[in-house]
Structures are given as C-alpha cells and as structure tokens.
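Visitor: Turn this into a structure:
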Amino acid sequence: MPNGILIIDKPAGWTSMDVCAKLRGMFHEKRVGHAGTLDPMATGVLPVFIGRATRAVEFASNSDKEYIAGLKLGVVTNTQDITGDIVEERPVEVSGERLRRVLEQFTGDIEQIPPMYSAIKIDGKKLYELARKGREVERRPRPVTIHALELLGWPAAGEDFSLRVACSKGTYVRTLCHDIGQALGCGGCMSSLRRVKAAGFTLADSITLEAVQKAVDHGEGESLLLPVDAYFAGLPMLVLKTAGAEKKVRNGASLAAPDVPDGEYRVYGMDKTFLALGRVADGKLATVKSFFPV
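Guide: Numbering: from 1, shown residues only. Presented below is the predicted three-dimensional model:
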C-alpha cells in the first residue's frame, strides 16, 4: 500500500480537496489528506499525505507558510480578492515611503478579522454560506504573526504590487491585502497568490499533478513518495538499541531514557524503521504519534 508524502504544485482552479480526490484515484488509497488549504485561485506548495503518512497531517497543518502575493490597490471586493464583486474603486496615490511604513505596521504579531468568504463556522454555519445569502455577521479578531512582509520591487504603471509574506498558521493573505489597502486609504485586494513554502517544503520539492499521473501510468507513482519521517527531518534521530525497547514503543508504552536530553525525536527501530515521533522528558521517552507499519 502507498505510504508517504507528495508535495504538489497546486494548479489554479483546483480546490485542495480536488487535488486529494485526484490522488486517491491515482493511488487507489482512501487515506489522503493535505496540510494547509489553498483557495482555488491560489497555486503552489500543497503537501499531501498518503496512507499511513496521514497521521502527520496534524503536525504539518500547524506550520508557518510563505507566499508571493499580488496586491491590487484601488479596488475593494466582497471576497477581498480579485475573484469577487467590486464594491468600491478609488484613485491610487501611494509613495514608496508611505507603502513601506504601512507594511511595517502589519509586520509581527497582529490581529485579523476573518473574511466573510471563509470556511470558519459561527453558530454552526460556515461564513461563506452566510455571505452567499447576503448576510454579514460579527467576527472576532484573531491573532496571527507576520514574520516577514516584503515589497518585491516597484511595479510598472498598470501592474500590481508583489509582496513576499512569511506568516503563521491561520493567516488570511487576502485579508492582509485588504487591510493594507484600507491603511493606505485607497483600498486593495489580493490579485494573485502563490505559496512557496509550507510544512518545511518548498517549490523545489514540488511536482505537478500531470507529472504524478505520468509516473503512475508507468507504474512508478510510489517512487515519488517521500517517507513520512521527511517531515520531521529537523528533529534529532533516536535509534532504539534493544528489542525490548522497540516492543515498548510499538505498544505505546514509555521507556527509560536516562542519557537522552529532553526534547522531541524521530524514533527508529534497530533496523532503522521509522516508528514514532517521541518526546523525552525527565529521563523517559513517550510516544507522541506512532507511524510504524502494521
């Protein structure tokens, strides 16, 4: 059975779930999940976890992300991106210094009011369902962190601004573009979005759906899958030295690790099979999540 991670370069016009459905068919595997939803208009890095690797989705979804976003000034839409209905247009007179000062205001720990066109639920109803009915409800601001917000050069006349955005989980880049436009006094919306990093993976790690389909057609699809421990590559490796220790980890029991520093580890069996994500504290190793073959 296929087990592993694919970093898909999501095409425009596809939902993240569309991509998962396509891969379910390709690999004949029901267990397929993604880390970090991308709107249909967005492209770029979409980590997809297949088979037993889906157990890592909960960790990958919490990761920081990085985007290249198009910012169209002078236009306000009901969805905060270019796909929505225009609700206001204003003249744009923005100097470089003014824009840089505003970008600084949105760098660091900030609060965002989630857009109405989002999947967040309030009183059991998804906001976008209410928005489509013409309703707007009060939303509480949510804390997010913008690690970096950089203007990628000054555009030529008639072109949109391009921003590099490195941010925490839960950040709405289209809301960021909308709020920047409001702060500038001319309004704005997101005109394009390409995710260049998610869950520690970049565009250099990605592959197109067409390339995956070609490999599957040639019986080579599974060769594209990254092992699940690739996601945890930044953690130190801990190899168990006895069959007894390995049995305990496989059974989910803790074991003594008196000489191991506190922290999280990739835990492997004696044959270097990846078994679990583990955490050592006070001389004991406990399993955070098991990944071993069953």
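
Visitor: When you work out contacts or count neighbours from here on, use the C-alpha atoms and nothing else.
Guide: Fine.

Visitor: Contacts only, for Arg250.
Guide: 275, 290, 292 (Cα atoms under 8 Å, 6 or more residues apart in numbering).

Visitor: Gln112 too?
Guide: The neighbourhood of Gln112, defined by Cα under 8 Å, 6+ apart, consists of 141-144, 171-172, 175-176.

Visitor: Show me the strands paired with the helix or strand encompassing Tyr265, marking each as parallel or antiparallel.
Guide: Using DSSP states H and E, Tyr265 sits within strand 263-268. The sheet places strand 263-268 alongside strand 237-239 (parallel), strand 274-281 (antiparallel), with pairing taken from DSSP bridges.

Visitor: Let me know which of these is tucked in deepest.
Guide: Highest mean neighbour count of the strands paired with strand 263-268: strand 274-281, a mean of 21 (counted as mean count of other Cα atoms under 10 Å).

Visitor: Averaged pLDDT, it. What do you get?
Guide: Average pLDDT, strand 274-281: 96.

Visitor: Send me that strand as PDB with only the CA atoms.
Guide: Extracted C-alpha coordinates of strand 274-281, given in PDB (Å, rounded to 0.1, in the frame of the first residue of the first chain):
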ATOM      1  CA  PHE A 274      10.700   4.800  11.500                       C
ATOM      2  CA  LEU A 275       8.500   4.000  14.400                       C
ATOM      3  CA  ALA A 276       7.200   7.200  16.000                       C
ATOM      4  CA  LEU A 277       7.500  10.800  16.900                       C
ATOM      5  CA  GLY A 278       8.700  10.700  20.500                       C
ATOM      6  CA  ARG A 279       9.300  13.100  23.400                       C
ATOM      7  CA  VAL A 280      11.900  12.700  26.100                       C
ATOM      8  CA  ALA A 281      11.200  14.400  29.400                       C
END
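
Visitor: neighbouring contacts of the following helix or strand past that strand?
Guide: As assigned by DSSP H and E, the chain's next helix or strand after strand 274-281 is strand 284-290. Here strand 284-290 makes contact (Cα under 8 Å, 6+ apart) with 55, 249-250, 252-258, 275-280.

Visitor: cool, and stretch 153-160?
Guide: So stretch 153-160 is contacted by 70-73, 96, 161-162, 191 (Cα under 8 Å, 6+ apart).

Visitor: how about the strands paired with strand 263-268 in JSON lines, adding distance to Lys22?
Guide: Formatted as JSON lines, the strands paired with strand 263-268 follow (distance: least, Cα to Cα, whole Å):
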{"stretch": "strand 237-239", "distance to Lys22": "34"}
{"stretch": "strand 274-281", "distance to Lys22": "28"}
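
Visitor: Any idea which of the ones you listed gets closest to Val216?
Guide: Nearest to Val216 among the strands paired with strand 263-268 is strand 274-281 (25.4 Å), distances taken as Cα to Cα.

Visitor: got the angle for that closest one vs strand 284-290?
Guide: Strand 274-281 runs at 140 degrees relative to strand 284-290, counting by axes from the mean of the first three to the mean of the last three Cα atoms, to 10 degrees.

Visitor: related to what we said a few turns ago, ok, which pair from the contacts of strand 284-290 is furthest apart?
Guide: Across the contacts of strand 284-290, the two lying at the largest distance from each other (Cα to Cα) are Arg55 and Pro258, at 28.2 Å.

Visitor: Identify each buried residue in the strand holding Tyr265, please.
Guide: Residues of strand 263-268 classed as buried by neighbour count (16 or more other Cα atoms under 10 Å): 264-268.

Visitor: same question, stretch 31-43
Guide: Buried-residue list, stretch 31-43, by 16+ other Cα under 10 Å: 31-36, 38, 41-43.

Visitor: one step back: neighbour count: Arg55 and Pro258, which is higher?
Guide: For Arg55 versus Pro258, neighbours defined as other Cα atoms under 10 Å are more numerous around Arg55 (17 against 13).

Visitor: pretty sure that one is touching Ala276, no?
Guide: No - in this structure Arg55 lies outside contact range of Ala276 using Cα atoms under 8 Å: 10.4 Å.
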